[in-house]
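1. Got a predicted structure here, sequence first:
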Amino acid sequence: MHLLLRSSKPKNLRYLFVAHHNHIFTGKLNDNLSWRSQHTAAGSSNDNNPDDNKTRKKSRPLTEHEKSIISSMIRVDHAGEIGADWIYRGQMAVLGKDKVVGPVIQEMWDQEKYHLSTFDEIISRHRVRPTFLRPIWETTGFLLGAGTALLGKEAAMACTEAVETTIGEHYNDQLRELIKFENNEEITELTQVIKKFRDDELHHLDTAVDHDAQKAPFHGPLTAIINNGCKAAIWIATRI
Ligand SMILES: [Fe+2]
Ligand SMILES: [Fe+2]
């Protein structure tokens, strides 16, 4: 069962997401493996496992309707990971030398780079047209990351808190859609990637709260503006 859970307290949101995650998540990608190599490894184990072969026989081609939905999902996720990469790049340009938050931001940025490289591979293999607006997502992401960082460490973390809350919800929305499609290996694999990345984003959200995001000046209005901006960006990137 999938739930969309919202809370004004991100900590609560995270715990509810995790409870949900424990219910539905049956596989976890190894961070040391690319999604592609894990897929290959799973494929070779199928060759030796009669139960897995049964599952494979049940797989079916995607319908045109499903292909269209999956293409939009991959396009917006790829665009979102581009934006995230540049948000953290902007934060590091301002706070990279800070001994407390510099390493924290770097660690989250490294995970975003992995997310982006994974979606680079997926978008190419699925032959999905990337967003036309890449330069806009890069510029906007950098300005958002650097701009909030210039307001202080807490504002930078508030930016991360707001962005990751919205992205966590976005990935959960996609998982709710994907669960309607059955017996297709490509969808199963995409679902595993999105679950893994959803968990990473919620971990970033938690990290931001732990580093005083909610002590940022104008935390409420700042969060509302960034949340709404992210939702608008998601709407646009799904289509363009
Ligand atoms: Fe990400
Ligand atoms: Fe993230």
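-> Good, I have the coordinates. Ligands and ions are numbered 1, 2, ... in the order given.
2. quick one: least confident helix or strand in this protein?
-> helix 35-46 (a mean of 36; mean pLDDT, DSSP states H and E).
3. residues near the residue of the chain found nearest ligand 1, how many?
-> Proximity of the chain to ligand 1 (C-beta to the ion) peaks at His115, 3.7 Å away. No exception for glycine: its C-beta is placed from N, CA and C like everyone else's. His115 sits with 23 neighbouring residues when counted by other C-beta atoms under 10 Å.
4. what's the helix or strand for the residue nearest to it when sequence neighbours are not counted?
-> Counting by C-beta to C-beta, 6 or more residues apart in numbering, His115 lies nearest to Glu81, which is 4.5 Å off, once chain neighbours are set aside. Here Glu81 sits within helix 64-95, counting by DSSP states H and E.
5. and whichever helix or strand comes after that helix with helix 64-95, angle?
-> Sequence-wise, the next helix or strand downstream of helix 64-95 (DSSP H and E) is helix 101-125. Per axes from the mean of the first three to the mean of the last three C-alpha atoms, to 10 degrees, the angle that helix 101-125 makes with helix 64-95 is 150 degrees.
6. State the next helix or strand along the chain beyond helix 101-125.
-> Heading C-terminal from helix 101-125, the first helix or strand you meet, by DSSP H and E, is helix 134-150.
7. Give me the contact list for that following helix.
-> If you take C-beta atoms under 8 Å, 6 or more residues apart in numbering as the criterion, helix 134-150 is touched by 79, 82-95, 131, 155-156, 158-159, 163, 222, 226, 229, 233, 237.
8. what packs against the helix holding Glu81?
-> helix 101-125, helix 134-150, helix 153-178, helix 185-210, helix 219-239 (3 or more C-beta pairs under 8 Å, 6 or more residues apart in numbering; DSSP states H and E).
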